[in-house]
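Participant: Sequence plus the predicted model coming up.
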Amino acid sequence: MEIDPRVRLRHLKTFIEVARSASLGKAAVRLNVSQPAVSKTLSELEEMLGAHLVSRGRGGATLTPVGRMFHSYASASLAALSQGIEGVAETLAASQLRLTIGALPSVAARIVPDAAIEMARTAPEAGLTIVSGPNAYLLSQLASGALDLVIGRLGQPDAMAGFSFAQLYSERVSLVVRPGHPLLSAADPGSIAAYPLIFPDADAAIRTIAERYFIAHGLTRRRDRIETVVDSFGRAYVRKTDAVWFISSGVVALDVADGMLAELPVDMAETLGPVGLTMRGEGDPSPALRLFIAAIRATVEAHGLAR
């Protein structure tokens, strides 16, 4: 059944105020109109609905059974409209805010650029500051309030105190080399130790994963290995040497796709780990942060990464 186009917001507001006040006179005062105007508006609504909604008498105004039924729907409709108006105001206000986002290198390269593009579309005046670095550093910045959100791997239990984590997808670690590397034709985990290695440093989110992988496959630690999470160094060094780079797949996904780097054909399923959103546990996200989180989730879906 279609809504009668003659029904206006003033009809619903008048009806709800009469029901709340149980008096046409009191409703008129609260609506800042005359009592005859309230009576006329109420009569118009009843005529449009073809039903008697309010009983008027010396004792005041009371809802009829049909009026009580209609009141529940009218109240919900006005409440929903009010929430919608507030939501629009919050969304517009969000465009005046600046967010500071922490992202691990794998996410900064793979997810954040497209999310920033989506954010620019939904909140074109919003400002973004993107900070990258080791997981421990980003979490410390989040705890201090310097960051609004960290996108990356789930931290160690002791590092997650006071934070909430929402998983987006799972990511493995890759063993990456230059195109034409000898290991690409005959790779097995045991042969990695014969080559120079770029290893995640002590503050890296994947450090523990890397250590476990080496222990599980009986690999010995080379004294000359380089420890870093600086991806620009890793790319340049690997292209010029026979080094093997132990790095999150997201950091080098575009390089591998473009043929600039190559992944060793070894099973790395055991290195899978959760990547998601880490926030401070207290309070609700700001409107701007909710928009950015929505952009991140949409990007993850578009990349086919959602778990």
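Facilitator: In hand now; what should we look at? Residues are numbered from 1 along each chain as shown.
Participant: could you pull out the helices for this structure?
Facilitator: Here the chain has its helices, by DSSP state H, at 9-21, 24-31, 35-49, 65-94, 105-110, 112-122, 135-144, 207-216, 231-240, 249-257, 287-302.
Participant: For the closest residue to L219 other than its chain neighbours, which residues are in contact?
Facilitator: Closest residue to L219 apart from its sequence neighbours, by C-beta to C-beta, 6 or more residues apart in numbering: A193 at 5.0 Å. No exception for glycine: its C-beta is placed from N, CA and C like everyone else's. Counting by C-beta atoms under 8 Å, 6 or more residues apart in numbering, A193 makes contact with 219-220, 222.
Participant: Got the confidence number for A193?
Facilitator: What the model reports as pLDDT for A193 is 84.
Participant: Same check on E2?
Facilitator: We have a pLDDT of 69 for E2.
Participant: mind exporting stretch 72-86 as CSV, just the C-alpha atoms?
Facilitator: Below are the C-alpha coordinates for stretch 72-86, written out as CSV (Å, rounded to 0.1, in the frame of the first residue of the first chain):
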residue,chain,number,x,y,z
SER,A,72,4.3,2.6,17.4
TYR,A,73,5.0,2.9,13.7
ALA,A,74,4.9,6.7,13.6
SER,A,75,7.4,6.9,16.5
ALA,A,76,9.8,4.4,14.9
SER,A,77,9.6,6.3,11.6
LEU,A,78,10.4,9.7,13.2
ALA,A,79,13.2,8.1,15.3
ALA,A,80,14.7,6.5,12.1
LEU,A,81,14.5,9.9,10.3
SER,A,82,16.2,11.7,13.2
GLN,A,83,19.0,9.1,13.2
GLY,A,84,19.4,9.5,9.5
ILE,A,85,19.7,13.3,9.7
GLU,A,86,22.2,12.9,12.5
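Participant: That stretch: which residues count as buried?
Facilitator: Buried residues in stretch 72-86, counted by 16 or more other C-beta atoms under 10 Å: A74.
Participant: Now S55: closest residue in space that isn't a chain neighbour?
Facilitator: Computed as C-beta to C-beta, 6+ apart, the closest residue to S55 that is not its neighbour in sequence is T62, at 5.0 Å.
Participant: give the contact list for the one you found.
Facilitator: By C-beta under 8 Å, 6+ apart, the residues touching T62 are 22, 54-55.
Participant: what's the answer for Y73, then?
Facilitator: Contacts of Y73 by C-beta under 8 Å, 6+ apart: none found.
Participant: if I look at it, how far off is L277?
Facilitator: Distance, Y73 to L277, by C-beta to C-beta, to the nearest Å: 37 Å.
Participant: same question, L149
Facilitator: 6 Å.
Participant: What of E125?
Facilitator: With C-beta to C-beta as the criterion, E125 and L277 are 23 Å apart.
Participant: and the two? which has more neighbours close in?
Facilitator: Between E125 and L277, counted using other C-beta atoms under 10 Å, the more crowded position is L277 (20 against 10).
Participant: Would you map out the domains in the chain?
Facilitator: Here the chain is described, according to automatic domain parsing, as comprising the domains 9-94, 98-171+274-302, 173-271.
Participant: For the shortest one, the averaged confidence score.
Facilitator: So the one you mean is domain 9-94. Domain 9-94 comes out at a mean pLDDT of 85.
Participant: which stretches of the stretch 201-307 of the chain have low pLDDT?
Facilitator: Applying pLDDT under 70 to the stretch 201-307 of the chain picks out residues 307.
Participant: now with 80?
Facilitator: 220-223, 282-284, 306-307 (pLDDT under 80).
Participant: give the contact list for the nearest residue to S191 once chain neighbours are set aside.
Facilitator: What sits nearest to S191 in space, not counting adjacent residues and going by C-beta to C-beta, 6+ apart, is L183, at 6.2 Å. Listed by C-beta under 8 Å, 6+ apart, the contact partners of L183 are 177, 191-192, 195, 244, 264.
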